[in-house]
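*Asks:* turn this into a structure:
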Amino acid sequence: PEDVLLAAEVVSPDSIARDREAKPRKYAAAGIPHFWRVENDGGRAIVYVFELEPATRTYAPVSIHHDQLKLTTPFPLDIPLTEVQP
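*Replies:* Take a look at the predicted model:
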């Protein structure tokens, strides 16, 4: 895990609890600095962005993206979420 910069989970109906609770705790405990959770909201992709708070080894929310995922950290990225199909 020390080589992993970003972990992302795409939430499905049968994995909601694992993707929202169990997996982020495991990734944070492993020291992965960035975590994204992608969810389907009525056919629209929503991306929740988190960063690791090193003192507590938990993820702190950074942003929520509904129409456009535009970030500079951990790398430059610009994705029109309105074009992502469920």
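*Asks:* got the contact list for the residue lying closest to residue 48 once chain neighbours are set aside?
*Replies:* Leaving aside its sequence neighbours, residue 48 sits nearest to residue 37 (CB to CB, 6 or more residues apart in numbering; 4.4 Å). Using the backbone N, CA and C atoms, a C-beta is placed for each residue, glycine as well. Neighbouring residues of residue 37 by CB atoms under 8 Å, 6 or more residues apart in numbering: 8, 9, 11, 19, 20, 24, 47, 48, 50.
*Asks:* so which helix or strand takes in residue 51?
*Replies:* Taking DSSP states H and E as the definition, residue 51 sits inside strand 44-53.
*Asks:* off-centre distance for the helix or strand immediately after that strand in the chain?
*Replies:* Next along the chain after strand 44-53, taking DSSP H and E as the criterion, comes strand 58-65. Distance, stretch centre to chain centre, for strand 58-65: 8 Å (CA atoms, centre = their mean, to the nearest Å).
*Asks:* can you read off the pLDDT for the residue sitting furthest away from the middle of the chain?
*Replies:* Each residue of the chain has a distance to the centre, and by CA atoms, centre = their mean the biggest one is for residue 55: 19.9 Å. We have a pLDDT of 94 for residue 55.
*Asks:* and the strands in this structure, which stretches?
*Replies:* Using DSSP state E, the strands of the chain run over 6-10, 34-41, 44-53, 58-65, 68-71, 77-80.
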